[in-house]
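Enquirer: Okay, sequence plus prediction incoming.
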Amino acid sequence: MLSDISAIDLARFQFAFTISAHIIFPAFTIGLASYLAVLNALWLWRRDPAYLRLFDYWKTIFAVVFGMGVVSGIVMSYQFGTNWSVFSDKTGPVLGPLMGYEVLSAFFLEAGFLGIMLFGRERVGDRLHMAATAIVAVGTLMSAFWILSVNSWMQTPQGHAINEVGQFVPEDWWAIVFNPSFPYRLVHMVLAAYLTTAFVVGGVGAWHLLRNSESRGAGIMFSMAMWMALIVTPIQIFAGDQHGLNTLEYQPAKVAAMEGHYESFPEGRAPLILFGLPDDAAGETHYKVEIPLLGSLILTHGLDTPIQGLDAFPADERPKSAVIFWTFRIMVAVGVAMLGIGLWSAWARWRGNFYENRWLHLAAVAMGPTGFLAVLCGWITTEVGRQPYTVYGLLRTDESAAPLQADAVGTSLLAFIVVYFFVFGSGTFYVMRLMSRRPKDGMVIDDIGPTRAAGITPIVANPTAPHRTPGE
């Protein structure tokens, strides 16, 4: 029965459901917009028609995903005025302008130039079309800038005062926007979006290479994606480490829950718990598999720095370790797997079988959706780790919800689930159908020379290639 569950728990689940459905779309479009800009620039530079065909291939997918992201974002924002109206009232003077800046400076750029990017090449010429494509890419990054600023302020609030009616009011916009966690979280999220896109593109390229290892379009996709995996994944691991140090400084309870440490280590020398079963009720992690000292080395880059466990915080201010202990480890495991694929691809290039290595291609196909998994797990870790607060340390979640009945929230939640699975399930199916199309190249890889290992391969006309219809 819905009445057996509190309205606030239902409201939290509804917001978690809608934001999970939403975040996968901008995580893809941020990276895909930049990828389209690169493809367009390569076409203008080299006048190689393969890049133009790939641009046309991916721009259709971008348009569909962008549309789903807009719709899911609008629906999600309505909840601030329904289920979380108290939160909106108290934080509106700070967060309202930031959300407005996102619409004015980012969404207007994306929406204003999207049509030119999709349909305007023949009307405005290559150079203006390139400018429009670049502006769309910049718009997606600016959107990430403002949204991450909003969320980061909720994690590490600064630059505000609280007035006589309990509202947060701005005092220093610079401190609000560039709050302590914002730079780390922005870099981490943008790199995550680029890696998410890279592995989708790489998975699609690998899929088509498995069907035809001489498809030049598939080869270019796969090569560019694997370069991204090789170069960006180590940067992301470093960025994640720096983000972790920042989180330890400002949100130590979150780190304690992520690591499964219920007991403090006043003299440092904490172990790294690889696996275990956190038990919040019992206040311990059962069946631990741990490595001595490594926890301190990773968390503080030293051995003797004290580390707080969950026992250092009141019971009603502790996040749920049983949840974020696992989501954090899934995110890390995906990152390690991405690094492994990148290194494997470099080895295959060096061995000269990059385009024919079926095991590498199969692994890349399997890794295709894992970027979305890592993004979702990262957001769950971030948001559950902030509990029991909406504004960390200042405004509790149970003080932020609107005075609604559980039945009303539960009914809307069920409606969201049904509609989302139908609408976005259909959209996702259509996107996958688009990805299953073979890239239109009509050419094959010319198996010669060192340029092949770099992913810049000559092309020769294939007079024996069968005629392909425009949809292929």
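Expert: Nice, thanks for sending it over.

Enquirer: Show me what the helix or strand Trp45 falls within is packed up against.
Expert: Per DSSP states H and E: Trp45 is located in helix 7-46. In this structure, helix 7-46 makes packing contacts with helix 49-78, helix 126-155, helix 182-211, helix 370-386, helix 406-436, judged by 3 or more CB pairs under 8 Å, 6 or more residues apart in numbering; DSSP states H and E. Every residue, glycine included, has its C-beta placed from N, CA and C.

Enquirer: Which strands and helices lie in contact with the shortest one?
Expert: Judged by 3+ CB pairs under 8 Å, 6+ apart, the packing partners of helix 370-386 are helix 7-46, helix 126-155, helix 182-211, helix 252-259, helix 321-351.

Enquirer: Reformat those as JSON lines; add mean pLDDT, mean neighbour count and distance to Ala111.
Expert: What follows is those, written out as JSON lines (pLDDT from 0 to 100; neighbours: other CB atoms under 10 Å; distance: least, CB to CB, whole Å):
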{"stretch": "helix 7-46", "mean pLDDT": "88", "mean neighbour count": "20", "distance to Ala111": "12"}
{"stretch": "helix 126-155", "mean pLDDT": "92", "mean neighbour count": "20", "distance to Ala111": "8"}
{"stretch": "helix 182-211", "mean pLDDT": "94", "mean neighbour count": "23", "distance to Ala111": "19"}
{"stretch": "helix 252-259", "mean pLDDT": "91", "mean neighbour count": "25", "distance to Ala111": "35"}
{"stretch": "helix 321-351", "mean pLDDT": "93", "mean neighbour count": "19", "distance to Ala111": "31"}
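
Enquirer: Ile298: which of those is closest?
Expert: The closest approach between Ile298 and any of these, judged by CB to CB, belongs to helix 252-259 at 9.0 Å.

Enquirer: Toward the C-terminus, what is the element adjacent to the closest one?
Expert: Sequence-wise, the next helix or strand downstream of helix 252-259 (DSSP H and E) is strand 272-279.

Enquirer: Outside of that next one itself, which residues are in contact with it?
Expert: Outside of strand 272-279, the residues within contact range by CB atoms under 8 Å, 6 or more residues apart in numbering are 257, 259-262, 284-291, 294-295, 298, 321-322, 325, 329.

Enquirer: before we move on, the earlier item: would you turn the helices and strands packed on helix 370-386 into JSON lines with distance to Gly217?
Expert: Listed next are these as JSON lines, based on distance: least, CB to CB, whole Å:
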{"stretch": "helix 7-46", "distance to Gly217": "11"}
{"stretch": "helix 126-155", "distance to Gly217": "19"}
{"stretch": "helix 182-211", "distance to Gly217": "7"}
{"stretch": "helix 252-259", "distance to Gly217": "42"}
{"stretch": "helix 321-351", "distance to Gly217": "18"}
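
Enquirer: Out of those, the one nearest Phe422 is which?
Expert: helix 7-46 (12.1 Å).

Enquirer: what angle do that closest one and helix 49-78 make?
Expert: Here the directions of helix 7-46 and helix 49-78 differ by 160 degrees (axes from the mean of the first three to the mean of the last three CA atoms, to 10 degrees).

Enquirer: Which pLDDT value does the model give Ser213?
Expert: Looking at Ser213, its pLDDT is 80.

Enquirer: ok, now the one 5 residues further on?
Expert: What the model reports as pLDDT for Ala218 is 89.

Enquirer: do the same with Ile456
Expert: Reported pLDDT for Ile456: 37.

Enquirer: Same check on the one 10 residues further on?
Expert: Among the per-residue scores, Pro466 shows a pLDDT of 35.

Enquirer: Where does Pro180 sit, in terms of helix or strand?
Expert: Using DSSP H and E, no helix or strand contains Pro180.

Enquirer: how near is it to Val200?
Expert: Note on Pro180: its distance to Val200, by CB to CB, to the nearest Å, is 32 Å.

Enquirer: do the same with Met221
Expert: 10 Å.

Enquirer: for Ile8, same thing?
Expert: 36 Å.

Enquirer: who's in contact with stretch 316-327?
Expert: For stretch 316-327, the surrounding residues in contact (CB under 8 Å, 6+ apart) are 253-254, 256-260, 262, 276-280, 285, 310, 377-378, 380-381, 384-388.
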